[in-house]
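Engineer: Following is a predicted model, sequence given first.
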Amino acid sequence: MMESREFKLSFFQKHGEKIKNTIVIIILLVISLPIILSYLWLVLNSFASEMKYGIIPTKFTLEHWRFLIESVKGYPNIWQVTLNTFIVAIMVMFLELFITSFAGYALSRYKFRGRKTMLLTILVLHSFPSVSLLVAVYYVLRTLNLINSLWGIILLKVALEIPWGAWIMKGFYDQLPWEIEWAGTVDGYSRIQVFFKVMLPLVRPGMAVTAIFGFLSGWSEFIFINTFILNQQTWTLSRYIKGVIGDFRFVDYGLLTSISLFYMIPTLVFYFFANKYLLQVNITGTKG
Amino acid sequence: MARILLKNLSKHFKNVKAVDNINLEIKDGEFTVLLGPSGCGKTTTLLMIAGIYKPTTGGIYFDDQIMNNVPPKDRGIGMVFQSYALYPHMTLYDNIAFPLRAQKMKKDEIDRLVREVTKNLDIGKLLDRKPFQISGGQQQRVAIARALVKKPKILLFDEPLSNLDAALRSYMRAEIKKLQNDLGITTVYVTHDQLEAMTMADRIAVFSMGKIQQYDTADNIYNYPANVFVATFVGTPAMNILNVEVKNYNGDFYLQDEGFKFKTLPQRKEILSNLVEKKLKLGIRPEHIRLSLKETENSIPAEVYVLEPLGREVIYNIKIGNNILKVLTEERMDLKPGDRIFMDFDRNRYHLFDAETGKAIDISIR
Ligand SMILES: Nc1ncnc2c1ncn2[C@@H]1O[C@H](COP(=O)(O)OP(=O)(O)O)[C@@H](O)[C@H]1O
Ligand SMILES: [Mg+2]
């Protein structure tokens, strides 16, 4: 009797951790089930010609992916649109990276008047939706003759992303001790040389994070493009998808699902390579 | 090589006077320690010598040249930081070669110098590793190698041993001292550890509240402290301090407070007669107090408070009046708390300080 009771106790002690983990995983699975299912549906639908009850695929087809080879009637060439999207995403990424690498350093290292106010304002500004800026931005773009131009969109996105990116970069610079920077100057380098040889290599994870955010924000930009890009040749993918959904014609769900998946690929690739850096983001506030 | 001169040097941060008008001359090839409690301005002074902080007022001279506006990279200094400050993204080899690359030196010359400096420091086999792959003691030696490799005129250390364990600290103390002795580079070494200061320094500058309290050899600092701060900061256990007044009883002079009075040597009559009724502090080092079970001439009664055995020596804490004194001796006495004993001290080895200013009063007999 005694023995079997002891055995039971030790069974739960031994496996308690595992049981707990399993329960947690099941709960998480249930919560995220709708999301997982809808993505699954997206994939299935894009390769199926018929869906029984709208959910069970019955026939395999590549028909919906034809848009990759030939232009859909009434829409611009998909590769032109993809190229446009890449141009926006990559330019936003590079410009933002370039500027915030310096700006984050300045915010972290230099004490200047109004620094604290500036840091707080950045956070507040970032929480305004970009829709609220549309009218003002329209006048600016028109004055600069950048309506209907990808450059207008790029500059706009960069301007709006810089504050947030600078804040993230500041967090990474804040983690580097002054002593390392001092060591560099004692070792015979000027401060700007130390910046390039010591500081920049050490904030590489921060640069990766900023690059991802910059790329994705450019890649997924919709409102400004929808408003300021009128010419089909300068569409990006988000605008293309809106065209597919929003036309008065019959909505082609097959095309919609396959192009949505196509649109998601770079995002997935980016997250796959970058998630280890994303975990390092550390927003350190206005102290120091 | 170089002589360092600090002239009326101050550094203020907003309203904090981190360094307050100090004057210091460090001779060519000398090993000087800046000693003081945390927050007294040692690091700030060192960073001004390095050129990282700009002085608020005053001048820094190397030899006879004013350095105030010379950037750190042109000062010919090597520095070892408390955190070692190795570059985490570089191998140890690249860390040590970094100062040489700044001088656009040839590759094989760099290689020769790196091998040479690492041979003596016993890190020659680790050079392919990154800083996070080696121990704290090894990191420290890499930091020293990096400071030495460019053959600086001046070496600066900021609490380099404070992150090491006790055994390694004692070993590195001797190593650094030997290194400096062999190379003869003018060295400024910051520490809050008086043992480090006493064992390593040619001269010690004792800091408190941004000011230099005393600048002298270890022996003189220990035997002739300039004020109460230096007297109690240097030496373990610390010097015993008692509030006393000088009293004249029938031509004999006594140091007296409630609960005790010590008779002084007749040779000091003249000096002490000027101090009668003045508020003073009496300082006695723990090793200059003698305990005995029997009363002797001039001894006074005391009570054992607590014992602190150290293995070789014992610290007896004794009570006289309302004061607890520490007594350091190798002599073993069978005592326990509450026992009555008698204490006496060497009447040639005590210190008097002005109770108000804390300054030492010269009571030496000429
Ligand atoms: N960069 C700084 N800004 C403001 N105050 C400082 C700065 N550096 C040091 N202090 C202040 O100056 C005083 C001396 O500091 P420090 O030289 O680091 O002391 P120590 O090295 O002797 O411990 C301290 O009160 C410290 O708070
Ligand atoms: Mg310090």
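Structural biologist: Received, thanks. Residues are numbered from 1 along each chain as shown, chains lettered A, B, ... in the order given. Ligands and ions are numbered 1, 2, ... in the order given.
Engineer: in the helix or strand encompassing A:Leu120, what counts as buried?
Structural biologist: If you go by DSSP states H and E, A:Leu120 is part of helix A:115-126. Buried positions in helix A:115-126, judged by neighbour count with 16 or more other CB atoms under 10 Å in any protein chain shown: A:119, A:122. Yep, even glycine has a C-beta here, placed from its N, CA and C like the rest.
Engineer: anything in it sitting right up against chain B?
Structural biologist: No. In terms of CB under 8 Å from any CB of the partner chain, no part of helix A:115-126 sits within range of chain B; the closest distance is 15.2 Å.
Engineer: Let me know the secondary structure of whichever residue of chain A sits closest to chain B.
Structural biologist: Using CB to the nearest CB, the closest approach of chain A to chain B is made by A:Gly188 at 3.2 Å. Secondary structure assignment for A:Gly188 (DSSP: H, G, I helix; E, B strand; the rest coil): coil.
Engineer: Just the closest residue of chain B to chain A, please.
Structural biologist: Going by CB to the nearest CB, chain A is nearest to B:Ala102 of chain B, at 3.2 Å.
Engineer: Around chain A, pick out the residues from the stretch 101-250 of chain B.
Structural biologist: So the stretch 101-250 of chain B meets chain A at B:102-103, B:146, B:150 (CB under 8 Å from any CB).
Engineer: Check chain B for its longest helix and report it.
Structural biologist: Identified as the longest helix of chain B according to DSSP state H is helix B:166-183.
Engineer: So which residues of chain A form strands?
Structural biologist: For chain A, the strands defined by DSSP state E occupy A:48-52, A:56-60.
Engineer: thinking again about what came up before, which pLDDT does the model give the residue of chain B closest to chain A?
Structural biologist: The model reports B:Ala102 with a pLDDT of 95.
Engineer: Contact residues of the stretch 1-150 of chain B facing ligand 1?
Structural biologist: B:13, B:16, B:18, B:36, B:38-44 (CB under 6 Å from any ligand atom).
Engineer: Take those residues and write them to JSON lines, including neighbour count, secondary structure and pLDDT.
Structural biologist: Listed next are these as JSON lines, based on neighbours: other CB atoms under 10 Å in any protein chain shown; DSSP: H, G, I helix; E, B strand; the rest coil; pLDDT from 0 to 100:
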{"residue": "B:Phe13", "neighbour count": "11", "secondary structure": "strand", "pLDDT": "94"}
{"residue": "B:Val16", "neighbour count": "13", "secondary structure": "strand", "pLDDT": "94"}
{"residue": "B:Ala18", "neighbour count": "21", "secondary structure": "strand", "pLDDT": "96"}
{"residue": "B:Gly36", "neighbour count": "28", "secondary structure": "coil", "pLDDT": "97"}
{"residue": "B:Ser38", "neighbour count": "8", "secondary structure": "coil", "pLDDT": "95"}
{"residue": "B:Gly39", "neighbour count": "15", "secondary structure": "coil", "pLDDT": "95"}
{"residue": "B:Cys40", "neighbour count": "23", "secondary structure": "coil", "pLDDT": "96"}
{"residue": "B:Gly41", "neighbour count": "25", "secondary structure": "coil", "pLDDT": "96"}
{"residue": "B:Lys42", "neighbour count": "26", "secondary structure": "helix", "pLDDT": "97"}
{"residue": "B:Thr43", "neighbour count": "20", "secondary structure": "helix", "pLDDT": "97"}
{"residue": "B:Thr44", "neighbour count": "23", "secondary structure": "helix", "pLDDT": "97"}
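Engineer: Which pair of those spans the longest distance?
Structural biologist: Pairwise distances across those peak at 17.2 Å for B:Phe13 and B:Gly36 (criterion: CB to CB).
Engineer: before we move on, the earlier item: helices or strands up against the longest helix of chain B?
Structural biologist: Contacts defined by 3 or more CB pairs under 8 Å, 6 or more residues apart in numbering or on different chains; DSSP states H and E place helix B:166-183 against helix B:136-148, helix B:194-200.
Engineer: Show residues contacting the longest one.
Structural biologist: Contacts of helix B:136-148 from elsewhere in the structure, counted by CB atoms under 8 Å, 6 or more residues apart in numbering or on different chains, are A:183, A:187, B:78-81, B:84-86, B:92, B:95-96, B:98-99, B:114, B:117-118, B:121-123, B:126, B:131, B:134, B:155-156, B:160-161, B:163-164, B:168, B:172, B:176, B:179, B:183.
Engineer: Please identify the buried residues of it?
Structural biologist: Applying 16+ other CB under 10 Å to helix B:136-148 flags B:137-148 as buried.
Engineer: quick revisit: CSV for the strands of chain A, including distance to B:Lys319, mean pLDDT and mean neighbour count?
Structural biologist: Shown next, in CSV, are those (distance: least, CB to CB, whole Å; pLDDT from 0 to 100; neighbours: other CB atoms under 10 Å in any protein chain shown):
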stretch, distance to B:Lys319, mean pLDDT, mean neighbour count
strand A:48-52, 95, 73, 14
strand A:56-60, 94, 75, 11
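Engineer: In TSV, list these along with distance to chain B.
Structural biologist: Converted to TSV, these look like this (distance: least, CB to the nearest CB, whole Å):
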stretch	distance to chain B
strand A:48-52	50
strand A:56-60	50
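Engineer: related to what we said a few turns ago, roughly how far is the helix holding A:Leu120 from the heart of the chain?
Structural biologist: How far helix A:115-126 lies from its chain's middle: 22 Å, per CA atoms, centre = their mean, to the nearest Å.
Engineer: elements contacting it?
Structural biologist: Short answer (3+ CB pairs under 8 Å, 6+ apart): helix A:115-126 packs on helix A:78-109, helix A:150-174.
Engineer: right, and the ones you listed - which one's nearest B:Gly59?
Structural biologist: Nearest to B:Gly59, of the helices and strands packed on helix A:115-126 and by CB to CB, is helix A:78-109 at 27.2 Å.
Engineer: need the contact list for A:Val92.
Structural biologist: A:154, A:157-158, A:161, A:214-215, A:217-218.
Engineer: What ranges does the stretch 51-200 of chain B have for its strands?
Structural biologist: Taking DSSP state E, counting those that start in this stretch to define them, one finds strands in the stretch 51-200 of chain B at B:57-62, B:65-66, B:77-80, B:154-158, B:186-191.
Engineer: what does the stretch 201-350 of chain B give?
Structural biologist: Counting by DSSP E, counting those that start in this stretch, the strands of the stretch 201-350 of chain B are B:203-208, B:211-216, B:240-249, B:252-257, B:260-263, B:279-284, B:289-292, B:300-309, B:314-320, B:323-329, B:340-345.
Engineer: Given the fourth one, what are its sheet partners and their directions?
Structural biologist: The one in question is strand B:252-257. strand B:240-249 (antiparallel), strand B:260-263 (antiparallel) (DSSP bridges).
Engineer: So, low pLDDT: which residues of chain B?
Structural biologist: The model of chain B has pLDDT under 70 over residues B:1, B:366.
Engineer: ok, residue 191 - contacts?
Structural biologist: No chain specified, so I'll use chain A. A:181, A:185.
Engineer: wait, chain B
Structural biologist: B:33-35, B:42, B:159, B:161-162, B:197.
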